[in-house]
Structures are given as structure tokens and as C-alpha cells.
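Enquirer: Okay, here's the prediction I keep looking at, along with the sequence it came from:
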Amino acid sequence: MKHLLGIDDLGAEGIGEVLRLADSFLEVTRRDIPKVPALRGKTVVSMFYEDSTRTRLSFETAAKRLSADTMTFSAGSSSLRKGESLLDTVRTVEAMGIDAIVVRHKSSGVPQRIAGWIDASIINAGDGWHEHPTQALLDAFTLRRHRGDSFAGMKVAIVGDIKHSRVARSNVKALSALGAEVTLVGPPTLMPPDLEGWPVTVSYDLDEVLPAADVLYVLRIQRERQQEALFPSLREYAARYGITTERMARLPSDALVMHPGPTNRGVEIDALVADDPRSVINEQVANGVAVRMAVLYMLLGSGEGRAA
Amino acid sequence: MSAVVVIKGGTVIDASGSRRADVLVEDGLIRAVADHVDAAAGATVLDADGAIVSPGFVDLHTHLREPGGEDAETIETGARAGALGGYTALVAMPNTNPPIDTAAVVEQVLRVGREAPCDVYSSGCITKGRAGEELAPLGELHGLGVRIFTDDGACVADAGLMRRALEYARALPGAVLAQHCEDPQLARGGHMHEGAWSSWLGIPGMPAEAESVVVARDIALAGLTGGRVHFLHLSTAASVDLVRAAKAKGLAVTAEAAPHHFTLTDSLCCGYDPLFKVNPPLRTDGDVKAVKEGLADGTIDAIATDHAPHPAQEKERPFDEAPPGMLGLETALALTLTELVGPGLLDLPRALALLSWQPARLAGLADHGGPIAPGRPAHLTVFDPEAAWEVDPARLASRSRNTPYAGRKLTGRVRHTILAGDPVVRDGQAQR
């Protein structure tokens, strides 16, 4: 495998391999010196056309712990703002002799386009509404730490703005590939317009879904959606789909609550819920580095024997 | 130059039918159409053996980009692409910079067009600056020969304004108001057809209804005003049904369809390549089928290219930032033959009606569209309906390269194009 553009590049088998690799890298991150020479001599560039401190830091930390050299372009930085075209920028970066580019872009499909233009490995760190595969992998990894490999039949409810969510698209693909049963929950206006072919069921009624859910995956609500008439007000959204302490009471006691962060406390999730013992939101962040180490290693480390 | 041209060995097809004949052309006019014409010494003989001789094609919908967009196309390069595609007349769309909403810009387009290897006609805007707020000087532009009025690229979204334009234009003989049907609120933010593919790809979509609600509205306005409405680039099954029903009621509406809307579907957006981004967007299999049916049963009156050149760097942007549009002039005939005539949806005379005499009539171009008869202006296309070729973007005459058909194998190719008696394309090569 050369690129990670979306979950379909991995399939169930590839996901399993990433998760197993991430187990060993999680152990590495807990050492006194959390660093291995696996990618020594490799250069990983992060190109973030959209701000995302946590994802960018997570990838850079992962690359450094594998002893790769890292370079960063971010949205605020000069060259990405000077009107240089995407193609020219990536060709310039490639000419410096690099092995992988981690790309975040507000437009769906940009990582796929870049992969067609240059030889380096491309890792999608989130593109538009399309995919955020490493988020889905770290979510699956987090679930696996709690539930082992028993994804089959696991009932996962993904709640919120599915339509605009790359996290939802990647998680639908990853979790269903692993055997989980995914239900999308939210108002019809926040569902993709056509779900033909999606391995999911849909509910507009969160309270109906809660009692049977093994996992409640809560998506971030962007405030500007209200201006697009997708729901009447944040207050009404919170009343119908917000994760309140009352709703937490209806969720099974052994269920897990997840969120890709950063949370809008008081909108999609109550302040107190994040601290509920069933919440694994902080673990998700911690697991991100190990999972991204696994992805980088899988794309760059195996085969050539140049590492270590 | 006293040019005598003899087109030998072809099958002549025009609105009156099909027959084996040679065609003698002299001083820009057809002089004879007969079983056998002897070529006098010094005459140019064009071989039409195994080929069809048709009235030159007429494109109702060409973006020539001049003035203002000369990095994408000029009147000259666009007209050359047109000639190579078998066109002898192009209607230039007005979304230039400045837009064609004043006499000065119409005159500029016509003046530059006089040197071009195609007859170039100018459309004119319906509203000033294509802004959809105030009427453009329709009467003044009509006086310069403009017959097709459109804000193409933008819809005249204000129903009251569209009503007034239709009413006003009734005083302008031959004037047609051509609508780009796209409800701006429904389509807002969309970059491809809204459906299963847009949902999966995470690309904001625009629903088919953004088009069909305006088709329905303007059919109603045609009834209200008695004005002439033409629907540009119909792309949805619902739109085709609405036009079919309106025609059945006897309303004065016409419609065109672009080759990409009877050839390509939204699934091609799966690689996020903006070469497949166009407006109206590529739709579903069902819509493609409906457009084909509309062409076959006469609901749709013309095949129009919506030739929309863009420089390479514009199409290298992310899908949602890239401009919509694709080249069309040099592939329209072959797509018509490959997609419609080959499978038996249309016979050759019907296909040529859609490419030539029906659009000529619609745009009021009396000199174009035949018939191929003595005394008529010699605007002719000679094409080989069986020639197989592969689209190579590098070999297109357009200044731009944004064809969605690179590598596609097509059947049917222009051999010669004769503009006012002058072979501007000879053996597939542009002569000027």
C-alpha cells in the first residue's frame, strides 16, 4: 500500500494490521525514551491547508517518534497563501526529496489529486466532507482497547452532522468493515442527501437509539450550520440531539462515548458528560499518536529495509 | 480569388433528404448538386468518397472567452476548433469580461469574428452585467443582429424580471430568450449533481430540481407572455418531461442538450478531477437516458456544445474551487454519431437536423443549415461517419485542453469544412 487516502485503501485486513501495529507503537510511546529508529532517513512533510493543531501535532509527534525528519507547511504560513497553485506547491515540496506528505485540506478529494501528481506517499489527514481515515483508525483502536476484536454486531450510533463530516464517512467505512452495525442519528437536514449503498441504518430519534447502543459517537456541530437553516437554533439542536446527563442515563452502563474533538460543550455534548466514566474522549487523543505511527510505518517502513 | 470547389463522391444529406451527389461551389455559393460534376481546370477537388456532405453545423452555445478570457480561448482559436468540428456558425455566449451587454462589445465580437474560420454570431445578455437586476439594451443589441439573449452561466432568477424580458422581447422579431435554468438558492454551494455520488464523495451537490423548477417556471412564463423561451443545456429527466409536455400544449419553447449530458454521468467525479466538473453538472444514468429520449423524439431541438475552455491551471485546482466547463466543439459530431446514431437512437438525417438546420432556424441564421441547393451559401461539412479516432487533448485546436474525453475512442470525423466556399478544413487539417 502506497497511500492512505481513505479507509477503502485498507479494507478489513489492512485496518486489522494497523491496529496490531498500533498496539506495539502504543507500548513504544510509553517508554522513557519513546522513540524508535524505524523511519530514520525518511522525510515526512505535513501540509495543512486548514488549521488543525491537534491532528498536525499528532502526526508530527508520530513521525518524530519513528525518527523521521519532519517539515511543516501550515495554512498561516507564507507559500500556501501566495496564490501558488496546489500542483506547483506539491511539486516544489517533492523536489526537495521527501517520502510522504500528510495533507489536510478544506476541499474533498485534494489528497487523491495530489497522489496522482507525485511519487511520494500521501496520507489524508482530513479532506473536506470526505474522509479522515486516521481518525477512524484511532477510533477503532480505542474501541478495540476496550472491547477486544469483538466488533461483530457492535451497535454504534453516530450522532450529529453526518452530512458535512469526514469523520462520519471514514467511521462508517471502518466500523462496518470490521463488522459493527452503524446507525446514523441526526435531523434529516444533516444527513447526506442520498445514502444509497451506505452500510448503515438511519434514525432521526436519538432517544429511541440510546438504550441499545454499545457506542455513542458524537460529532461536532458547527455553529454556522444554523445560518444555513439546517436546524432552527443551537438550543433546539441540543434539546433534540445533545448528549445530556439525562440521555446518558438512558445509555447502557457499559457503553462508550466518543467524540473526535474539539467538543462544543453545551451544544452537542454537556460539560459533565465528557467526564463520565463511559467517555473515552481523552483516550482517543492519546491513541492518535500510536495509530499514526502505525500508518506511517506501514506506508514507509516496511519492505525497503532502509529503516533502523 | 475565384474559388471553384468540387466536392466529389459523397452522400448529400439536408432537411430534404439524402442522395448521392457531387457539389459544385463557386464564389461562395453552391452552383450545382448533381450525380456527377466535372472539375474544371484549377478547381479544388475535395474527396467525399464514403463521406456525408451536410450543411455546416451550427452551435447555439459556444464560450469563445473573448474579450477578457483570452488565456482560455480567443475567437480565432475557438472558431478554428469549431471548423475542425464541422461547424460553420457559432453563437458566442455573453459571459465574457466585459459581458456582451452593450453594442460596443457586440460589435467587437462580430468584427473579430469576421476574420475567423467560422461565422461568429453574438448573443447578448438579458440583464446588465448578467447581474439579474436590470434589463440589458435588448432592442439595441437586436438591431446589431443579436437574436439569442441569455445570461448564461447565470440564471435570470427573478421571475418578475424574466416575465418583463419575455414581454419586451416580443417586439423584437426572431428574439429568443435562452435560460440557464438553475435556481440559485437550491444550487447554492453545489459543485456536482446531488445524489448518491456526491454524498459518498463529500462534494456539495446541487439537486436536479434546481434546474427543473426554473424550467417549469419559465414554461409558465412563456404561457403568460407569449414570449419565446429556449432552454439551454437540459440535463435532467424532469426537465425533458416538462419541455415535452409544454410542446404538446403548443407553447413556443425550445431546448438544447450538450453532448456530455448524453454521454457522461456523475460517477466520473469519483476521482475529484475538475475535468468532469460542468454546469449543469453531469447527472445520473436515468438523466442521460432521458436526454437521449428527448433528442430522439424531438423534444430537444438542438445539440449544443456548451464549449467552455479553461486554462490548465484553473482545472488543477481542488474540485470545489475549479471553474465548471468542458471543451466540446471538436468532439460533438463524433459523440453524436457514437452515442446516438451508432446505437440506433437517431438516424443520420435526424442527427444532422440537431447539429445543423434546427439550431440554424432557432437562431435565425438564414444563411446556415442548408438546404444544399444551387444559389445557397456554401457552408458545408464533409465528414466520414465511420472513421475511428482517439481523443488526444494535445492535438485539439482549442487554446485549452479541458476535454473530459481524453483517450476515448470515437467514431466519425470531419474531413472538410467549407465556409462560404472556402475549404477552411481540408482532410482534417485547419487551413487558416
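Expert: Received, thanks. Quantities reported herein were computed from a predicted structural model and do not represent experimental measurements. Numbering: from 1, shown residues only, chains lettered A, B, ... in the order given.
Enquirer: For whatever residue of the stretch 151-300 of chain A ends up closest to chain B, give me its contacts.
Expert: Proximity to chain B, evaluated over the stretch 151-300 of chain A using C-beta to the nearest C-beta, is greatest for A:P192 at 3.6 Å. Every C-beta, even on glycine, is put in place using the N, C-alpha and C of the backbone. Shown here is A:P192, whose contacts under the criterion C-beta atoms under 8 Å, 6 or more residues apart in numbering or on different chains are A:I162, A:K163, A:W198, B:S199, B:W200.
Enquirer: Near chain A, which residues of the stretch 201-350 of chain B are found?
Expert: Taking C-beta under 8 Å from any C-beta of the partner chain as the contact definition, the stretch 201-350 of chain B meets chain A at B:201-205, B:207, B:271-273, B:313, B:316-321.
Enquirer: change it to 7 Å
Expert: Within the stretch 201-350 of chain B, the positions lying close to chain A (C-beta under 7 Å from any C-beta of the partner chain) are B:201-203, B:205, B:271-272, B:313, B:316-321.
Enquirer: Of the residues you listed, which belong to helices?
Expert: Within these, membership in helices is found for B:L201, B:Q313, as judged by DSSP state H.
Enquirer: Output the residues of the stretch 201-350 of chain B next to chain A in a markdown table; the columns should cover pLDDT.
Expert: Output for those, formatted as a markdown table (pLDDT from 0 to 100):
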| residue | pLDDT |
| --- | --- |
| B:L201 | 98 |
| B:G202 | 98 |
| B:I203 | 98 |
| B:G205 | 98 |
| B:G271 | 97 |
| B:Y272 | 98 |
| B:Q313 | 93 |
| B:E316 | 93 |
| B:R317 | 94 |
| B:P318 | 95 |
| B:F319 | 97 |
| B:D320 | 97 |
| B:E321 | 95 |
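Enquirer: how about the residues of the stretch 201-350 of chain B next to chain A, which pair is most distant?
Expert: By the measure C-beta to C-beta, these have their two most distant members at B:G205 and B:Q313, which lie 25.5 Å apart.
Enquirer: most centrally placed residue in chain B?
Expert: Centroid check for chain B by C-alpha atoms, centre = their mean gives B:A304 as the closest residue, at 2.5 Å.
Enquirer: Check whether it really touches B:A258, as I assumed.
Expert: Yes: taking contact to mean C-beta atoms under 7 Å, the distance of 6.0 Å between B:A304 and B:A258 places them in contact.
Enquirer: what do the two both touch?
Expert: Here B:A304 and B:A258 share the contacting residues B:H233, scored by C-beta atoms under 7 Å, 6 or more residues apart in numbering or on different chains.
Enquirer: where's B:T254 relative to B:R283, distance?
Expert: Taking C-beta to C-beta, to the nearest Å as the measure, B:T254 falls 21 Å from B:R283.
Enquirer: Secondary structure class of B:L345, three-state.
Expert: Following DSSP: H, G, I helix; E, B strand; the rest coil, the label given to B:L345 is coil.
Enquirer: How about it, nearest residue that isn't a chain neighbour?
Expert: With sequence-adjacent residues excluded and distances taken as C-beta to C-beta, 6 or more residues apart in numbering or on different chains, B:L345 is closest to B:A296, at 4.8 Å.
Enquirer: And for B:Q108?
Expert: The spatially closest residue to B:Q108, leaving aside those adjacent along the chain, is B:P67, at 6.3 Å (C-beta to C-beta, 6+ apart).
Enquirer: circling back: tell me the pLDDT at the residue of the stretch 151-300 of chain A closest to chain B?
Expert: Turning to A:P192, the model gives it a pLDDT of 98.
Enquirer: ditto for B:M1
Expert: Looking at B:M1, its pLDDT is 47.
Enquirer: In contact with the residue of chain B found nearest chain A: list those residues for me.
Expert: With C-beta to the nearest C-beta as the measure, the residue in chain B that lies nearest chain A is B:Y272; the distance is 2.7 Å. B:Y272 is in contact with A:S108, A:G109, A:Q112, A:R113, B:F319, counting by C-beta under 7 Å, 6+ apart.
Enquirer: Now do the last one: how many residues are near it, please.
Expert: Going back to what we said before, that points to B:F319. Residues contacting B:F319 under the criterion other C-beta atoms under 10 Å in any protein chain shown number 25.
Enquirer: residues making contact with the helix or strand of chain B with the lowest mean pLDDT?
Expert: Every helix and strand in chain B was compared by mean pLDDT, DSSP states H and E; the lowest is helix B:312-315, with a mean of 94. With C-beta under 7 Å, 6+ apart as the contact definition, helix B:312-315 has outside contacts at A:S85, B:P274, B:L275, B:A322, B:P323, B:R401, B:N402.
Enquirer: Looking at these, which gets the smallest pLDDT?
Expert: Comparing pLDDT over those, the lowest reading goes to A:S85, 82.
Enquirer: who's the residue lying closest to B:D367 once chain neighbours are set aside bridged to?
Expert: Taking C-beta to C-beta, 6+ apart as the measure, B:D367 lies nearest to B:P377, with 4.6 Å between them; neighbours along the chain are not counted. When bridges are assigned using DSSP bridges, the partners listed for B:P377 are B:L29.
Enquirer: Isn't B:P377 up against B:L29?
Expert: Yes: when contacts are counted by C-beta under 7 Å, B:P377 is listed as touching B:L29 (6.2 Å).
Enquirer: Enumerate every residue touching A:I15.
Expert: A:I15 sits next to A:L137, A:A140, A:A174, A:A177, A:L178 when contact means C-beta under 7 Å, 6+ apart.
Enquirer: got a pLDDT number for it?
Expert: Confidence at A:I15, expressed as pLDDT, is 98.
Enquirer: Enumerate every residue touching the residue in the stretch 101-250 of chain A that chain B sits nearest to.
Expert: Sorted by distance to chain B under C-beta to the nearest C-beta, the residues of the stretch 101-250 of chain A start with A:G109, at 2.7 Å. Counting by C-beta under 7 Å, 6+ apart, A:G109 touches A:D127, A:H130, B:L201, B:Y272, B:P318, B:F319.
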